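*Asks:* could you work out the structure for the sequence below:
(one chain, ligands or ions: 1)
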Amino acid sequence: MKALIYKKFGDPSVLEVVDNWPPPVLSPNTVLIKSIGGSVNPKDVLLRRGKFAKTLARDPLPRVAGHDIAGEVVEIGKDVSNVSAGDIVFGMTNKFSGGVHSEFALLDSNEVSCAPLNISTVEASSIPLAAQTALTALRDLCKVVAGQRVLINGASGGVGHFAIQIAKALGAEVHAVCGPGHIDFVTSLGADVVHDYTVKPVPAIASSFHSVFDVFGNFSRKAFAKQLGTRGVFVSTVPNLTTLCGELFAHMGFNKRSRLVQVKSSTTDLTQIREWVENGRLKPHVEMVYPLADAREAHRHIEGKHTAGKIVLSF
Ligand SMILES: NC(=O)c1ccc[n+]([C@@H]2O[C@H](COP(=O)([O-])OP(=O)(O)OC[C@H]3O[C@@H](n4cnc5c(N)ncnc54)[C@H](OP(=O)(O)O)[C@@H]3O)[C@@H](O)[C@H]2O)c1
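*Replies:* All right, here's what the predicted structure looks like:
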């Protein structure tokens, strides 16, 4: 089958589309999907460059790229009951190294859900990793409830544009930070107040917040000590010494005010997200769709770090 692979780590030129990759083998709890769309995430870029190769991503090369996929179910394992052959589904693999940007993708049944009915399958493929990250950060770590004020830094990208809409769906007042080119975009997503990070340093925003979701990941809780007070929660997406220590303390039960989000795909969360999409509370924005043959360009696009919403590969 066709697959987007890399045989060595490096820049986007290491990506190759081959047509002789062995198709995945169905097992009792898995779902075989004929791929229609698959979005590109910064994690795909990091893995392609060789990040985590000695820790969480030790799978040998060559590897198939990609975590997000949407398409039509062609076959289900004997223990699968949440989807059927012929369903259009969307999902994300929980395998750290990815492996689903191929003509046929295999996901565990608990990593997929039926896709929203009111958007295209290519749009649906933009959702799983980024929206589930935003949902986990805001619902589970920030514990956002109606009436709270939330700051989202990096609000115009993949995770951020879902985070604005999810925070609104949870009833929060949303303050969003983006660059000068995306003020209108972020406003259109429902942010109550929009800040341009080139006008004022983000930690200088004079307002109190119940939580800060640092999607771009260039700050630590300390930078927002004034805005968060003693009880506010800071969540980052980027693992580094400070965020990992905060997460360790949280797991040891000391304090849960500085957290690192770690996305995990689940049918339950995808179903919640599907409901929000179908009732109009959440809408993915796909800035660009690239044919699989242009996957190198798609990776370069993400590496630019100024995507509005998501970009997607079309199979
Ligand atoms: N831990 C996890 O489980 C997890 C899950 C998902 C993502 N992540 C990480 O989260 C980060 C964001 O992911 P993503 O998918 O949202 O990436 P993305 O779509 O590539 O984000 C692009 C956005 O970053 C914004 N940006 C660029 N420079 C900025 C700055 N100095 N300050 C604030 N925002 C800035 C850009 O806004 P403007 O163009 O408006 O400047 C752009 O819209 C990545 O590092 C990714 O690896 C982690």
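
*Asks:* close enough to count as contact, residue 263 and residue 133?
*Replies:* Yes. Using Cβ atoms under 8 Å, residue 263 is in contact with residue 133, at 4.2 Å. Where C-beta positions appear, they are placed from N, C-alpha and C, glycine not excepted.

*Asks:* looking at the two, which is more packed in?
*Replies:* Set side by side, residue 263 and residue 133 show more neighbours around residue 133, with 26 against 22, by other Cβ atoms under 10 Å.

*Asks:* and that one, how close does it get to residue 274?
*Replies:* To residue 274, residue 133 is 16 Å away according to Cβ to Cβ, to the nearest Å.

*Asks:* domain boundaries for the chain, per the record?
*Replies:* Per automatic domain parsing, the domain ranges recorded for the chain read 3-127+284-314, 130-260.

*Asks:* contact partners for the residue nearest the centre of the chain?
*Replies:* With distances taken as Cα atoms, centre = their mean, residue 130 lies nearest the centre of the chain, 1.8 Å away. By Cβ atoms under 8 Å, 6 or more residues apart in numbering, the contact list for residue 130 reads 39, 41, 158, 159, 162, 310.

*Asks:* centre of the chain to the helix or strand of the chain with the lowest mean pLDDT, how far?
*Replies:* Counting by mean pLDDT, DSSP states H and E, the chain has its least confident helix or strand at helix 241-251, which shows a mean of 89. Averaging C-alpha positions (Cα atoms, centre = their mean, to the nearest Å) puts helix 241-251 21 Å from its chain's average.

*Asks:* next: stretch 224-238.
*Replies:* Centre-to-centre, stretch 224-238 and its host chain are 21 Å apart (Cα atoms, centre = their mean).

*Asks:* right, is that stretch up against the ligand?
*Replies:* Yes. Against the ligand, stretch 224-238 shows contacts by Cβ under 6 Å from any ligand atom at 237, 238.

*Asks:* so residue 182: helix, strand or coil?
*Replies:* helix (DSSP: H, G, I helix; E, B strand; the rest coil).

*Asks:* dump the residue contacts of it.
*Replies:* Applying Cβ under 8 Å, 6+ apart to residue 182 gives the contacts 155, 156, 308.

*Asks:* and which of the residues you listed is nearest to residue 208?
*Replies:* residue 155 (18.6 Å; Cβ to Cβ).

*Asks:* for that closest one, which non-adjacent residue is spatially closest?
*Replies:* Spatial nearest neighbour of residue 155, excluding adjacent residues (Cβ to Cβ, 6 or more residues apart in numbering): residue 176 at 3.6 Å.

*Asks:* just residue 109 next, same as before
*Replies:* residue 80 (4.3 Å).

*Asks:* looking at this, that neighbour is in a strand?
*Replies:* No. Assigned with three-state DSSP, residue 80 falls outside any strand and is coil.
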